[in-house]
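Student: Task: produce atomic coordinates for the following.
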Amino acid sequence: MRIGLAVIAAALLIPSAHARSLAGEAVALTAPAGTLEGRAHNGVEGFAGIPYAAPPVGDLRWRPPAPATRWTGTRAAAEFGNDCPQVRFDGDAAPSTQPMSEDCLYLNLWRPAKAARKLPVMVYIHGGAFVAGSAASPTLDGANLARRGAVVVNFNYRLGRFGFFAHPALTAEAGGTPHANFAFLDMITALHWVRANAAAFGGDPGNITIFGESAGGAAVDFLMASPLGEGLFHKAIVQSGANREPYARLSTDRPTRISGEKAGTAFAARAGLTAPDAAALRALPADAVQGQLAMWDMQADRFNGPIIDGQSVLADPIDRFTAGNVPKIPFIVGTTGAELSEEPFASAMMDYLKSQLGEADLAEFRRAYGDPLPPALIDDYFFNEAARGYARIMRDHGAPAWRYIFDHVAETDRAKRKGAGHASELAYLFGNLPASAGPSDRTAARLMGDYWVNFAKHGDPDGRGLLHWPQVDRKDNLLRIHAGSAAIDQDSDAPRLDAVERTANTRRATEKTKP
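Tutor: Residues are numbered from 1 along each chain as shown. Now for the predicted structure:
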């Protein structure tokens, strides 16, 4: 889908002059990876720009991550690493001005100063439609979350075509069994690093929670559904990332989708390579590979995103979840109150949704929602119903599951917004609110941070001073954070979500019968 936003990409791979650094007094720590010198500030120690894999450049482009080179002596760990190549955009909820480079596989870690042993470890996966995002964003700084009593980690992973790519030349090179989801392999490698090094930072390698928002939330689903993620984490949180979308296969696909190899071939031809070998593909300049891929121009003819390659991704996540092929671990899933149903997104999203639906689907929704179709359908179709569905699946497979809606709107925004937009919860979760935040904003941040850290500690979000958050049951309980307070709801939108579920299931069943 294309949304008319201005693209200024002439400086796509030009380093910014404002690389972000940690502040405070120097503090050293020795881990299995090596000795690091970070910074201690206000009761938290931070370590930034730690390589968890070798730079995926040259012959390592479009290969599984290779081990990082072990350094000698003490490595400076106060400056964040490069962002992965991308097109940035105004209005990003988690912006970054880091330099960009293919050499971008770095992670950051925060822990309470003088940390106790066996702290829970929380590993965050950033969003950005798998084509944008950065672990260096000040919004995602983990210091305030760590101050609650956790080791907090985030990291970069390969984006766009650097992260998801298939081509017949790569398939031939791999003897017919290629990887296509290099971003997921990066995530798995980062989790291996965390498990190997967590204890040195006071973390418990037997108590790791993965959590992510938007594409990062979808990545949590993929990691749960991947055999390569087995044993690397013990709890999971999906924020605005549950979906029922069908994903492309590696070499064959149905008429409604383009296969991974076909998309890769189309990209190579656009780049001037009509019959390339793997070496020619890897010789392409980085800006040609990035190719202006952006959230408002996903280039569906030559970019797939995640691909079912039979290795890191065996099937659509919803199919793996439904079949019970995921770990039975504590699970939180939820959305914001108005993900994309308010302007500037609502009109474009409604047009896109109608373009994807048949007349029978539209008639079903008009019966459930009324005519004209309201913007609320956007959020239900793309976010809310899938969140409810994943929570129910986990519940029915015997895993403890909780569902939430974050619908707190900042005090300064209430005159112009009715509901909380996509990614608006991030500043609250990480405790990185602006100076203009009011009392109810700070209360909402405390609630969300407490529930999330309690969940990481104990596998249950409840804790002293918090409203009891019940698990999802047959009444579809959910926690709603609104106007600086928490309340428990039974899903009042159930009839409408039921209509979305019926339509989604019918469309998936029809898709599977196509040759």
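Student: What segments of the stretch 1-150 of the chain are helices?
Tutor: 143-146 (DSSP state H, counting those that start in this stretch).
Student: just for it, where's the confidence low?
Tutor: 1-18, 115 (pLDDT under 70).
Student: would you list every one of the strands in it?
Tutor: Counting by DSSP state E, counting those that start in this stretch, one finds strands in the stretch 1-150 of the chain at the ranges 25-31, 34-41, 44-51, 74-76, 106-112, 119-125.
Student: How about the stretch 201-350 of the chain?
Tutor: Secondary structure of the stretch 201-350 of the chain (DSSP E, counting those that start in this stretch): strands located at 203-213, 235-239, 248-249, 307-308, 331-336.
Student: what about those, which gets the closest to Gly46?
Tutor: Closest approach to Gly46 among the strands of the stretch 201-350 of the chain (Cβ to Cβ): strand 203-213, 14.2 Å. Just so you know, the C-beta spots here come from the backbone N, C-alpha and C atoms, and that holds for glycine as well.
Student: circling back to that earlier point, list just the one of the strands of the stretch 1-150 of the chain that sits closest to Ser355.
Tutor: From the strands of the stretch 1-150 of the chain, taking Cβ to Cβ, the stretch that ends up closest is strand 119-125, at 29.7 Å.
Student: Now do the closest one: everything it contacts.
Tutor: By Cβ atoms under 8 Å, 6 or more residues apart in numbering, the residues outside strand 119-125 that reach it are 111-112, 135, 140, 142, 145, 149-155, 157, 187, 190-191, 194, 198, 202-205, 207-212, 216-217, 219-220, 233, 452-453, 456-457.
Student: Write the ChimeraX selection for whichever of those residues are buried.
Tutor: With 16 or more other Cβ atoms under 10 Å as the criterion, this ChimeraX line picks the buried residues out of those:
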select :111,112,135,140,142,145,149,150,151,152,153,154,155,157,187,190,191,194,198,202,203,204,205,207,208,209,210,211,212,216,217,219,220,233,452,453,456,457
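Student: before we move on, back to that, in a markdown table: the strands of the stretch 1-150 of the chain, plus distance to Ser96.
Tutor: Formatted as a markdown table, those follow (distance: least, Cβ to Cβ, whole Å):
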| stretch | distance to Ser96 |
| --- | --- |
| strand 25-31 | 24 |
| strand 34-41 | 19 |
| strand 44-51 | 13 |
| strand 74-76 | 20 |
| strand 106-112 | 12 |
| strand 119-125 | 14 |
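Student: Mind checking the ones you listed for the one nearest to Phe162?
Tutor: Go through the strands of the stretch 1-150 of the chain one by one with Cβ to Cβ and the one that ends up closest to Phe162 is strand 106-112, at 14.7 Å.
Student: So which residues make contact with that closest one?
Tutor: So strand 106-112 is contacted by 43-52, 80-82, 119, 135-136, 141-143, 145-147, 149-156, 190, 193-194, 201-203 (Cβ under 8 Å, 6+ apart).
Student: Rank the helices and strands of this protein by mean pLDDT and give me the bottom one.
Tutor: Ranked by mean pLDDT, DSSP states H and E, the helix or strand of the chain with the weakest confidence is helix 494-513, at a mean of 86.
Student: State the distance from the residue nearest the centre of the chain to Arg161.
Tutor: Centroid-nearest residue in the chain: Gly216, 0.5 Å away (criterion: Cα atoms, centre = their mean). In this structure, Gly216 and Arg161 are 19 Å apart, going by Cβ to Cβ, to the nearest Å.
Student: And for Leu60?
Tutor: In terms of Cβ to Cβ, Leu60 sits 15 Å off from Arg161.
Student: These two: which has the busier surroundings?
Tutor: Each of Leu60 and Arg161 had its neighbours counted (other Cβ atoms under 10 Å), and the higher figure belongs to Arg161 (25 against 16).
Student: my hunch is that that one is in a helix, does that hold up?
Tutor: Yes. Checked against DSSP: H, G, I helix; E, B strand; the rest coil, Arg161 lies within a helix.
Student: quick one: pLDDT of it?
Tutor: The score at Arg161 is 98. That number is its pLDDT.
Student: my guess is Val472 meets Tyr404, correct?
Tutor: No. Look at Val472 against Tyr404 with Cβ atoms under 8 Å: they stay out of range, at 10.3 Å.
Student: Perfect, I'm done here.
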